[in-house]
Each structure stands twice: as structure tokens, then as C-alpha cells.
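Asks: with the input below, show me the fold.
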Amino acid sequence: MHPFSTLRRVRVALISDTHGAFDPRLREIVEGCDLALHGGDIGHAAILSQLQPRLGRVLAVFGNNDVAHKWPEEDRRLLVHLPEWLEQPLPGGSLVLIHGHQVPARRRHALLRARFPEARAIVYGHSHRLETDLDVQPWVLNPGAAGRSRTHGGPSCLVLIAESDEWRIERYRFPLSGQRRGLRYTARHEQRPIGQTTQVIAAPGRAGHR
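Replies: Purely as a prediction, here's the structure:
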């Protein structure tokens, strides 16, 4: 395993709930990161191979839909290697990844914090809703849906920038209209600081990287 915790700065792409379709506009964001984490409901093995972070490491957990009868037969051998949850050390703390179906929607964030109190951030999926709950530690993050299924406003992901003395979150969401019309995207985007979060609204434009 790569010792990411020894690096000065790590960019981590957080995606979830592809359900067999990875929006191509998110691919460049992943390629600009050092590490990629998938929060489950993957759909088939080819989705993970489409994730190409700079340092080549992709980690994933299984979701409630990652079961043998919903995956192509030739991909089912991968399922036994997907953990229920995992912990990834990073500069300044550790990140826990879990799909989230294991705890009820009511009080989900509180229950996840109680289960993983030592983490600096907990990433989950399942709801398909983009969320950044930074009020207390551990942070609770949901990158939303990175495919076509129930995106609640458009395919999205998060990027965590982890340094020993500071963690920051970038939020990326692409409009549904662009997905449907097959628009080409340039490097324009808008950024709006929200506390420890940068909102990146990917209006027709390629998402830029810092």
C-alpha cells in the first residue's frame, strides 16, 4: 500500500453511486488527483478501471447493489475483494470510506461519527445526495452520484485536499443539460468559498485544478 500519509499534500477524488455509468466529465477531475476512492454501488468492474488518478491507486467498498446477480458474470470475482468499509491514512489524519446503507437515513451522520470517532473524515454514498457536513469532526462527506442514476441536479464528486495542518474540500457538480446535449466543455468554472469548502460550479467548462 502506498504510504500516502507520508506525503506533504494529497488530492483525493471521492466518487460514489455510478451504477454502471461514470460521467466522462468527472474523469479529468480524477486524473488530477493522487488517489481515487469509490463509495460503492459501482455497477461493474470497468467503472473502476476508468478511474485513473496520478499515483494509480483506486480503493472501493461495496454498496447494497454490488451483488452477484446485478453484476456481469465475468466481473463477479471482483466482488469478494470489495470490503464493507476501509480506512485510508492521509497527511493529518485518516479517512474512512463506507457505502452507508448499513445505518438508517435518520441520524446517519451521527451514527457514522459514533462508529468511526477516530477518523478525520467519513465518506459515504447510498443517498445519491451531495453533502459536506463540516460542523464537527469527523467530517461526514457524500460525493453524490457520479453516473446517470438519481443525480439530484447533475453528476457530482468531491475532492479532498489533505495536508498535515489543513484539510479542504472541493465540490464539483455538472449540469444535467450538458450531459443530455453532449456539450463540449472548456476550462471555465466558478469558485465560491464556503468555510472550509470550495464550491466549483462546472457550468459549461472543464473543471480546473489547483
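Asks: how about the helices in the protein?
Replies: Taking DSSP state H, the helices of the chain run over residues 27-31, 45-49, 108-115, 176-181.
Asks: tell me which of those sits most buried.
Replies: helix 27-31 (a mean of 19; mean count of other C-beta atoms under 10 Å). For glycine as for every other residue, the C-beta is placed from the backbone atoms N, C-alpha and C.
Asks: residue 83 touches residue 66, doesn't it?
Replies: No. Between residue 83 and residue 66 there is no contact under C-beta atoms under 8 Å: 11.2 Å.
Asks: of those two, who's got more company?
Replies: The residue with more neighbours, out of residue 83 and residue 66, is residue 66; 21 against 12, by other C-beta atoms under 10 Å.
Asks: ok, now which ones touch that one?
Replies: By C-beta atoms under 8 Å, 6 or more residues apart in numbering, the residues touching residue 66 are 40-43, 79, 82.
Asks: cutoff 7 Å now
Replies: Residues near residue 66 by C-beta atoms under 7 Å, 6 or more residues apart in numbering: 40-42, 79, 82.
Asks: filter those residues to the buried ones?
Replies: By neighbour count, with 16 or more other C-beta atoms under 10 Å, the contacts of residue 66 hold 40-42, 82 as buried.
Asks: nearest to residue 168, of these?
Replies: Nearest to residue 168, judged by C-beta to C-beta, of those is residue 40 at 24.1 Å.
Asks: show the pLDDT at the closest one.
Replies: You'll see residue 40 listed with a pLDDT of 94.
Asks: cool, residue 27 as well?
Replies: pLDDT, read off for residue 27, is 93.
Asks: so what's it up against?
Replies: Contacts of residue 27 by C-beta under 7 Å, 6+ apart are residue 50.
Asks: one more time with 8 Å, if that's ok
Replies: The contact partners of residue 27, by C-beta under 8 Å, 6+ apart, come to 50, 52.
Asks: and the strands in this structure, which stretches?
Replies: Using DSSP state E, the strands of the chain run over residues 9-15, 35-38, 57-60, 85-90, 93-98, 121-123, 130-133, 139-143, 156-163, 167-173, 190-194, 197-201.
Asks: please identify the buried residues of the third one?
Replies: What it means is strand 57-60. 58-60.
Asks: remind me what that strand packs against, helices and strands.
Replies: strand 35-38 (3 or more C-beta pairs under 8 Å, 6 or more residues apart in numbering; DSSP states H and E).
Asks: partners of the strand it packs on, with directions?
Replies: strand 9-15 (parallel), strand 57-60 (parallel) (DSSP bridges).
Asks: give me the mean pLDDT for the first one.
Replies: When the per-residue pLDDT values of strand 9-15 are averaged, the result is 97.
Asks: identify each buried residue in that strand, please.
Replies: Buried, per 16+ other C-beta under 10 Å, within strand 9-15: 10-15.
Asks: helices and strands of this protein: which one bottoms out on pLDDT?
Replies: Least confident element among the helices and strands of the chain, by mean pLDDT, DSSP states H and E: strand 190-194 (a mean of 33).
Asks: where does pLDDT dip in this protein?
Replies: Applying pLDDT under 70 to the chain flags residues 1-2, 177-210.
Asks: sorry, back to before: ok, which of the strands paired with strand 35-38 comes nearest residue 23?
Replies: Smallest distance to residue 23 across the strands paired with strand 35-38 (C-beta to C-beta): 9.3 Å, for strand 9-15.
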